Each structure stands twice: as structure tokens, then as C-alpha cells.
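Predicted model and sequence follow; I will ask about them next.
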Amino acid sequence: MEPQHERSAATTRVLLLKEARETDNRPDPYLSEFSTVGMEATVVPALEFSFINLESLRTKVMMNVYTPDKFASIVFTSPRAVQAVKQSLQKHPVANELSGWASQAVFAVGDATAMAVRELGLHPMGQDSGSADKLADVIIEKFVGCTLPILFPCGTLRRQELPNKLQQHGISVDSLVVYETKRHSELDTNLESYFLQQGVPDIVVFFSPSGVRFALKVLRSLAGENFEWIKFAAIGDTTATALDSAGSPACFKASRPTPRALLVAIANGTSQQ
């Protein structure tokens with residue numbers, strides 16, 4: 001069956017290449033945000049994840065329970081890293097697992113990551129920094145001259161801006177890979193289903209360079225000659241750079257990884273076109 005390419009002038013269709021996040025029986029915040037302005041948003045995950053090195057992670061996290069001066073801080077740049085900490089502690093639960101971190105600075109970038117950290121009972125700083133690189137500046141301001149390392153649980157496709165910048169300012173970083181990022185096993189099937197049911201989207205939003213690498217070619221194949229109709233949006237500079245390198249520059253770029261920032265970027269970009 002061929003994809004349907006009829007375009008409706010009444011509703012802007014937005015395809016979000018991300019995992020759906022529902023909390024406390026509330027819909028994904030991106031879906032909620034777009035619905036408030038009458039846009040029809042759909043989520044299709046481009047990536048899937050698996051946790052690794054959880055025993056090592058638990059050992060490092062628990063060090064600050066028994067030896068509070070082992071680490072100066074812990075830094076999270078993705079909700080997945082927070083989930084890894086939670087899962088590592090669930091495997092062999094003990095009382096007050098995170099008590100050693102309660103009095104120390106904990107950093108997180110983005111609303112989703114900060115929310116996940118709060119669910120652990122911790123109080124993150126740096127939520128509004130907008131990117132890992134800018135979060136590094138917040139950390140440097142607080143910890144320059146500190147001799148204790150900072151614990152950085154991260155993924156296999158992590159970028160090096162944050163640890164490199166911290167180390168350039170004399171701040172030691174203990175990086176531990178705690179999850180693997182892979183192409184979603186049903187990406188092709190889910191995208192084909194989307195095109196068959198809804199046609200070519202008006203806007204496709206990419207949330208990471210990996211999403212660009214895995215999904216852009218599939219989108220081009222499904223859209224065919226209608227590919228030129230699609231406008232692309234990026235969350236952050238690195239994703240926008242990935243789109244530009246792939247020959248499909250972003251028309252819209254969110255300054256922060258939040259639904260509101262994305263919607264503002266689209267509104268501003270549309271008014272200028």
C-alpha cells in the first residue's frame with residue numbers, strides 16, 4: 001500500500017521522534033503542549049536503550065553513603081542516566097541509598113532530566129542551562145579548585161563537551177557508561193504506519209544526532225517527492241548540526257530541551273518564513 005500524501009490545510013501535523021513519556025497518568029508533555037495550539041502531534045521513538053554496568057554504578061553511588069567525601073557531585077545529562085541509578089539501587093535495595101547525596105550539589109540539564117532527579121528525592125541545579133556545554137559552566141563556577149571528582153553516569157553515544165570542559169578547568173570527572181543507545185527495532189514499521197495513516201508530516205522534530213542518523217533516510221524514502229514539503233526542527237545545537245550535515249537543515253531550533261522552547265522556536269521560525 002502506497003503512503004498517503006494528502007495534506008490538510010486545517011491542521012499542522014507534527015512527528016516527534018522520541019520516546020513517549022507519561023507521568024502520573026498525564027500525557028507526554030510535548031503532546032500536551034502541541035495540542036494547546038491545535039497541532040496534531042504524534043510520537044514515534046527512533047531509539048531504544050539497554051542498561052549496562054549497573055553494579056559498578058551502584059557501587060559508586062553507594063560510596064557517598066558510606067564515604068560522603070568520595071565525590072563532589074553527580075551530573076545527569078539525560079533521564080536515562082537517572083533511570084540507570086534508580087534501577088541499580090532497586091536490584092539490592094538498602095535504606096537511605098541516596099542519603100549521602102542529599103547535602104551535595106546534584107546537576108541536571110533539561111526539564112525531563114530534572115524531573116527524574118526529583119523523583120529520586122534529590123534537588124538538581126542547572127536545569128535551565130539548556131545544554132551539557134552550558135551546564136559545564138554552571139558546574140565550573142561552583143567547583144573550580146575542587147579536588148574531589150564528579151560522578152558522570154552517561155550513555156555510549158555521549159558527547160565529550162561536558163567532561164572535557166570540566167577537566168580543562170582542573171575538575172576531575174569519573175565517567176561511567178550506564179546505558180547503550182540503539183536504533184529502535186520497530187522504527188521502519190512505525191514510520192511506515194504513520195505515513196499510511198496520516199500522510200506526510202508538516203514538521204518532523206529530531207531530539208538527538210542519533211535520531212537524525214537512524215530516521216532521516218527512512219523519512220526520505222517514505223515521503224518520496226513530498227520530502228521537500230517537510231520542515232525539520234531540532235532540539236539543541238548538536239542535533240541541528242547533524243541535520244545540516246545530512247543535507248536537511250533545521251528550520252526551527254529549540255534553545256532548550258523543553259516543549260515550550262520547541263513550540264516558541266516553531267512559532268518564531270514560522271513567522272519569519
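Arrived safely. Given the structure is predicted, the values throughout are model-derived calculations rather than measurements. Numbering: from 1, shown residues only.

So residue 180, which state does it fall into?
strand (DSSP: H, G, I helix; E, B strand; the rest coil).

Check the spacing between the spatially most central residue of the chain and residue 117 real quick.
Centroid-nearest residue in the chain: residue 78, 5.4 Å away (criterion: Cα atoms, centre = their mean). According to Cβ to Cβ, to the nearest Å, residue 78 and residue 117 sit 11 Å apart. All C-beta atoms are positioned from the backbone trio N, CA, C, and that covers glycine.

now swap in residue 155 and tell me
From residue 155 to residue 117 the distance is 16 Å (Cβ to Cβ).

what about the two, which has more around it?
Taking other Cβ atoms under 10 Å, residue 155 and residue 117 do not tie; residue 117 has more neighbours (24 against 21).

I'd say residue 50 and residue 178 touch.
No - applying Cβ atoms under 8 Å, one finds residue 50 not in contact with residue 178, separated by 10.3 Å.

Looking at the two, which one has more neighbours?
When neighbours are counted by other Cβ under 10 Å, residue 50 and residue 178 differ, and residue 178 comes out ahead with 26 against 9.

Please name the residues that touch the residue lying closest to the more buried one once chain neighbours are set aside.
Nearest non-adjacent residue to residue 178, counting by Cβ to Cβ, 6 or more residues apart in numbering: residue 84, 3.9 Å away. Each residue near residue 84 by Cβ atoms under 8 Å, 6 or more residues apart in numbering is listed here: 51, 54, 57, 153, 178-179.

how does it look with 6 Å?
Residues in contact with residue 84 (Cβ atoms under 6 Å, 6 or more residues apart in numbering) are 51, 153, 178-179.

Provide the backbone phi and psi angles at residue 150.
phi -110, psi 130 (degrees, to the nearest 10).

Enumerate every residue touching the spatially closest residue to it that is not a sequence neighbour.
Ranked by Cβ to Cβ, 6+ apart and with sequence neighbours excluded, the top spatial neighbour of residue 150 is residue 73, at 4.8 Å. Counting by Cβ under 6 Å, 6+ apart, residue 73 touches 104-105, 150.

switch to 10 Å and redo it
Contacts here follow Cβ atoms under 10 Å, 6 or more residues apart in numbering; on that basis residue 73 touches 64, 101, 104-107, 125, 139, 142-143, 146, 148-152, 171.

how close does it get to residue 204?
Here residue 73 is placed at a distance of 36 Å from residue 204 (Cβ to Cβ).

what element comes up after the longest helix along the chain heading to the C-terminus?
Ordering each helix of the chain by length in residues (DSSP state H) puts helix 209-223 first. Note on helix 209-223: by DSSP states H and E, the next helix or strand toward the C-terminus is strand 231-235.

And the contacts of the helix or strand harbouring residue 42?
Assigned by DSSP H and E, residue 42 belongs to strand 40-43. Under the contact criterion Cβ under 10 Å, 6+ apart, strand 40-43 has outside partners 8, 10-21, 27-28, 30-35, 190, 194, 197-198, 201-203, 205, 259.

Just to be sure, which of those residues are found in strands?
Of those, the ones assigned to strands by DSSP state E are 13-17, 203, 205.

Which pair of those residues spans the longest distance?
13 and 17 (13.6 Å; Cβ to Cβ).

which residues does the residue lying closest to residue 248 once chain neighbours are set aside contact?
The shortest distance from residue 248 to any residue other than its chain neighbours is 5.6 Å, reached at residue 232 (Cβ to Cβ, 6+ apart). Applying Cβ under 10 Å, 6+ apart, one finds that residue 232 lies in contact with 203-206, 212, 216, 219, 239-240, 243-244, 246, 248-253.

Which of those are buried, as a ChimeraX select command?
Of the contacts of residue 232, the buried ones go into a single ChimeraX selection, burial set by 16 or more other Cβ atoms under 10 Å:
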select :203,204,205,206,212,216,219,239,240,243,246,248,250,251,252,253
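
in the stretch 1-150 of the chain, which spans are helices?
29-35, 54-66, 79-91, 111-119, 132-143 (DSSP state H, counting those that start in this stretch).

and those helices as CSV, adding mean pLDDT?
Output for these, formatted as CSV (pLDDT from 0 to 100):
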stretch, mean pLDDT
helix 29-35, 93
helix 54-66, 88
helix 79-91, 90
helix 111-119, 90
helix 132-143, 92
